[in-house]
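In: please find the sequence and the predicted model below.
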Amino acid sequence: RAPPAAHVPLPHPSVSRQHAVIQHRDSGGVWLMDLGSTHGTTINKKACPSRAYVALPPGAMVRLGSGSRLVTLLGPPDEAGGAGDMR
């Protein structure tokens, strides 16, 4: 939500100033960590644990807070063929 601190600011009251981190790693994987946000983060409609990295498979839908905007990770399907689980 905070433009100086965020690469993608989302102006919504339920999105914290520093809500989550999305990382693309050298291995090619994409990971998300909720930074202890007040209103939480969901991945495929399941609550994301706070302060733990969770793999984002292609097709994963992410919601920050209670906003109506969804972010979907696009890419080739993973070898498991699904949206994966939260580890």
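Out: Arrived safely, thanks for sending. Numbers count the residues shown, from 1 in each chain.
In: CA atoms for contacts and neighbours, from now on please.
Out: Fine.
In: how close does the spatially closest residue to His24 that is not a sequence neighbour get to Ser66?
Out: If the residues on either side of it in the chain are set aside, His24 comes closest to Val30, at 4.5 Å by C-alpha to C-alpha, 6 or more residues apart in numbering. Distance of Val30 to Ser66, given as C-alpha to C-alpha, to the nearest Å: 22 Å.
In: just Trp31 next, same as before
Out: Applying C-alpha to C-alpha to Trp31 and Ser66 gives a distance of 21 Å.
In: who has more neighbours out of Val30 and Ser66?
Out: Neighbour totals were compared for Val30 and Ser66, and Val30 leads with 17 against 14 (other C-alpha atoms under 10 Å).
In: OK, contacts around that one?
Out: Ile22, Gln23, His24, Ala55, Leu56, Pro57 (C-alpha atoms under 8 Å, 6 or more residues apart in numbering).
In: go ahead and confirm the last one touches Leu73.
Out: The reference is to Pro57. Yes. Taking C-alpha atoms under 8 Å as the definition, Pro57 is a contact partner of Leu73 at 7.3 Å.
In: which SS class is the nearest residue in space to Ala55 that is not next to it in sequence?
Out: Among residues not flanking Ala55 along the chain, Trp31 sits closest, at 4.4 Å (C-alpha to C-alpha, 6+ apart). Following DSSP: H, G, I helix; E, B strand; the rest coil, we place Trp31 in the strand state.
In: quick one, what contacts Trp31?
Out: Counted by C-alpha under 8 Å, 6+ apart, Trp31 has contacts Ile22, Gln23, His24, Arg25, Tyr53, Val54, Ala55, Leu56.
In: many thanks, have a good one.
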